[in-house]
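K.L.:
Provided below are the primary sequence and the corresponding predicted coordinates.
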Amino acid sequence: MAEIALRLDSTLANERESCAFEALFHREYSKVVAIARRVLFDVHAAEDVAQDVFVSFHRLHRPQAAYAARWLHVAAAHAALNELRTRKRRRQREMADAVVAARAVTPPSDPSAAIAEREMRDRVRVALTRIGTRHATALTLRHAGLSYAEVGAALGMNANQVGTLLRRAELALKKELEDGPSR
Amino acid sequence: MGHPVDGMLRRYLDDDRSLSLAHAAHVASCEACKAKLRTMADDAGQIEAAFRSALRADAPEIQDQAADSATAWRSVSARLARRRSFALSGPWLIAATAAAAAVCLLACTPAGTYARNFLTIFEPEQFVALPVSRSEIVSLPDLTRFGTMTQRVAPQVRSVTGPAAAAALAGFPLEIPTWLPKGVPSGARYSVTSGSDSSFTFSARKMWATTPRGRPQQNMPRTLDGSTLELRTRPAVIVAYGEPIAVRSSESPPRRETSADASRERSFPPLVIVQAPVPTVTSTGATVAEIETYLLEQPGVSPALAAQIRAIGDPTTTVPIPVPIDRAFGQRVRVQGVDALGIGDDTGVGGIVIWQKNGVIHAVAGQLRQRDILAIAESMR
């Protein structure tokens, strides 16, 4: 009888954690994708990264952990930056970009604008890998729509410190964008 | 009322209620603050425009809110169901990690630089992260196929009473942190591991004997066959703070815990500091170029990984540390005026910082935020 009770208790606990993880997933998924997208500028690659991040979280942590959301946010930025830095994946992504571009049914209304936007995307990607992880993380979290409080929670600082970090990150990114890829 | 600091002004740009009434009144009447705000707004606007432009190059029709979490959930839950549950201590991971470490060590050790003298000194000065995917680790060749590893002297661990005893036994001056974060007890346990002496002898015969029939295999160069690398380590000191607490294996599923799963949990103290004199590596023949070329061309070593290892700077002073790209992030940091490698983040899950100074390798690791680990490292005297 005691064994049955223990098994039942264990089953219920597992079920509760499953539900909690699923709820966490639905609550945070779009935000995690948005963060990864601010690094990769490729929504499909960002979704892949987001799913990897949730799988990693599931391996390591309980979904009820108080730090769950902030862990996911930082991990999304870091994983996306790692993705950019991995040359093999980068090549695959560029090939995928080419395929997507080739498949485009509707040609862009302004081809020169489309070229400029692609160039800017490539420059921002490169610049983000050069300005340091902390700066890049702060920028991507903020541009993904996280509040100062959420960015602060993710990075372990208060809101005014986020302002300082954000300001420095913007200056660093601006400098990288101005210097261009010649460096 | 003085000028608000830059961080407050930057926040004020995004939230005009973030300043106190007094600060807001000051900014409204201060030309310097207003000029600073205009500059900040201009810079922030340029970055915002760059992000918007880059996003338009992606798929502007797809909004962030449209991320289909239902479909994604089906994919993730299927992956979780498929996932094999193997513990971090599983033999496959030990073998793969050992192989990765050995490949890196051998590929990046200046073995053979002074081959004519039959002596090579390897002195790591800095460590760099080598991002590797799980598939790259798993597919690495088993190094034991290429020769025989012999351990003549195995390291022994001995507990000692304190830092003075540890330093006396280890034979080098010990550094102790002068600052610890809240939650880490100041009491520490000291132990010293004795030195070790091991060698690896390349063997073409063993390589061919263990190559499955029909599998492609690079021939072992004559200069490698029979060459021996010798690794000697000297006594190292391990300082552990706090009682060991259970840490979930990074591979075992934390949610499916049963009494059997509990045995898969590993125990680590909240903070561990290791200090060890740099190891000595000698070679009896093969050159570093030959070892690197041969090992990196083996089936199983991905071209991307091989390129990354080749791209690392001076192999006589730089040690690559494999970092799984899906679990951790490595970056260069400064500790006590020298370059160091930091792995981890500020989530408090855990991290490590490792550096070499004055001929001693230092590693500070713990279930702490990366910045706390760095502060501990910086405080060591």
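P.N.:
Arrived safely, thanks for sending. Residues are numbered from 1 along each chain as shown, chains lettered A, B, ... in the order given.

K.L.:
can you tell me which residues contact B:Pro279?
P.N.:
B:Phe122, B:Leu231, B:Arg232, B:Thr233, B:Arg234 (Cβ atoms under 8 Å, 6 or more residues apart in numbering or on different chains). In this view, the C-beta of every residue, glycine as well, is placed from N, C-alpha and C.

K.L.:
count of neighbours near the last one?
P.N.:
If I follow you right, that is B:Arg234. 17 (other Cβ atoms under 10 Å in any protein chain shown).

K.L.:
cool, and the third one?
P.N.:
Summarising burial for B:Arg232: neighbours were counted as other Cβ under 10 Å, giving 15.

K.L.:
mind listing what's buried in the one helix or strand it maps to?
P.N.:
Taking DSSP states H and E as the definition, B:Arg232 sits inside strand B:228-233. Across strand B:228-233, burial judged by 16 or more other Cβ atoms under 10 Å in any protein chain shown covers B:Thr228, B:Leu229, B:Glu230, B:Leu231, B:Thr233.

K.L.:
Could I have the CA atoms of it written out in CSV?
P.N.:
In CSV, the C-alpha atoms belonging to strand B:228-233 read as follows (Å, rounded to 0.1, in the frame of the first residue of the first chain):
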residue,chain,number,x,y,z
THR,B,228,55.7,9.0,-27.2
LEU,B,229,54.3,12.1,-25.5
GLU,B,230,54.9,12.3,-21.7
LEU,B,231,52.6,14.4,-19.5
ARG,B,232,53.8,15.2,-16.0
THR,B,233,51.7,17.1,-13.5
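
K.L.:
Just say helix, strand or coil for the residue of chain B found nearest chain A.
P.N.:
Nearest residue of chain B to chain A: B:Gly7, at 3.2 Å (Cβ to the nearest Cβ). Three-state assignment for B:Gly7 (DSSP: H, G, I helix; E, B strand; the rest coil): helix.

K.L.:
Quick check: the gap between B:Val319 and B:Ile354.
P.N.:
9 Å (Cβ to Cβ, to the nearest Å).

K.L.:
Which neighbours do those two have in common?
P.N.:
With Cβ under 8 Å, 6+ apart as the test, B:Val319 and B:Ile354 both reach B:Phe127.

K.L.:
For the helix or strand containing B:Val27, name the packing helices and strands.
P.N.:
If you go by DSSP H and E, B:Val27 is part of helix B:21-29. On a contact count with 3 or more Cβ pairs under 8 Å, 6 or more residues apart in numbering or on different chains; DSSP states H and E, helix B:21-29 meets helix B:6-14, helix B:31-58.

K.L.:
between those, which one is nearest to A:Arg168?
P.N.:
Nearest of the helices and strands packed on helix B:21-29 to A:Arg168, taken as Cβ to Cβ: helix B:6-14 at 8.6 Å.

K.L.:
orientation of the closest one relative to helix B:21-29 in degrees?
P.N.:
80 degrees (axes from the mean of the first three to the mean of the last three Cα atoms, to 10 degrees).

K.L.:
any idea of the mean pLDDT for helix B:6-14?
P.N.:
The average pLDDT for helix B:6-14 rounds to 91.

K.L.:
Turn the contacts of B:Pro279 into a markdown table, columns for pLDDT and distance to chain A.
P.N.:
Formatted as a markdown table, the contacts of B:Pro279 follow (pLDDT from 0 to 100; distance: Cβ to the nearest Cβ, whole Å):
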| residue | pLDDT | distance to chain A |
| --- | --- | --- |
| B:Phe122 | 52 | 27 |
| B:Leu231 | 81 | 30 |
| B:Arg232 | 81 | 35 |
| B:Thr233 | 84 | 31 |
| B:Arg234 | 87 | 34 |
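
K.L.:
Look up the closest residue to A:Arg37, ignoring the ones flanking it.
P.N.:
A:Ala46 (3.9 Å; Cβ to Cβ, 6 or more residues apart in numbering or on different chains).

K.L.:
on that earlier part again, quick check: which of the helices and strands packed on helix B:21-29 is buried the most?
P.N.:
helix B:6-14 (a mean of 20; mean count of other Cβ atoms under 10 Å in any protein chain shown).

K.L.:
Could you check how many residues crowd around the closest residue to A:Ile131 other than its chain neighbours?
P.N.:
Spatially, and ignoring its direct neighbours in sequence, A:Ile131 is nearest to A:Ala172 (4.1 Å; Cβ to Cβ, 6+ apart). The number of residues packed near A:Ala172 is 18, by other Cβ under 10 Å.

K.L.:
wait, B:Gln126 sits on B:Ile354?
P.N.:
No. B:Gln126 lies out of contact with B:Ile354 (Cβ atoms under 8 Å); the separation is 9.4 Å.

K.L.:
Which neighbours do the two have in common?
P.N.:
The contact lists of B:Gln126 and B:Ile354 share B:Ala340, B:Leu341, where a contact means Cβ under 8 Å, 6+ apart.

K.L.:
Look at these two and report which has more neighbours.
P.N.:
B:Ile354 (23 against 17).

K.L.:
Can you give me the pLDDT of the residue nearest to B:Tyr12 when sequence neighbours are not counted?
P.N.:
Distance criterion Cβ to Cβ, 6+ apart; nearest residue to B:Tyr12, sequence neighbours excluded, is B:Leu19 at 5.1 Å. You'll see B:Leu19 listed with a pLDDT of 88.

K.L.:
And the one 4 residues further on, by the same measure?
P.N.:
Per-residue confidence (pLDDT) for B:His23: 89.

K.L.:
wait, doesn't it sit right on B:Met8?
P.N.:
Yes. Contact criterion Cβ under 8 Å: B:His23 and B:Met8 qualify, at 6.9 Å.

K.L.:
The helix holding B:Val27 versus helix B:31-58: what angle between them?
P.N.:
90 degrees.

K.L.:
how much distance is there from helix B:21-29 to the middle of the chain?
P.N.:
47 Å (Cα atoms, centre = their mean, to the nearest Å).

K.L.:
List the buried residues in that helix.
P.N.:
Under 16+ other Cβ under 10 Å, the buried positions of helix B:21-29 are B:His23, B:His26, B:Val27.

K.L.:
what's near enough to touch the residue nearest to the last one when sequence neighbours are not counted?
P.N.:
Going back to what we said before, that points to B:Val27. Using Cβ to Cβ, 6+ apart and skipping residues adjacent in sequence, the residue nearest B:Val27 is B:Cys33, 4.5 Å away. With contact set as Cβ under 8 Å, 6+ apart, B:Cys33 has these partners: B:His3, B:Pro4, B:Leu9, B:His26, B:Val27.

K.L.:
how about B:Glu378, what does it touch?
P.N.:
B:Val335, B:Gln336.

K.L.:
so where do the helices sit in chain A?
P.N.:
In chain A, the helices defined using DSSP state H lie at A:2-40, A:43-60, A:68-85, A:87-103, A:111-130, A:133-143, A:148-155, A:159-179.
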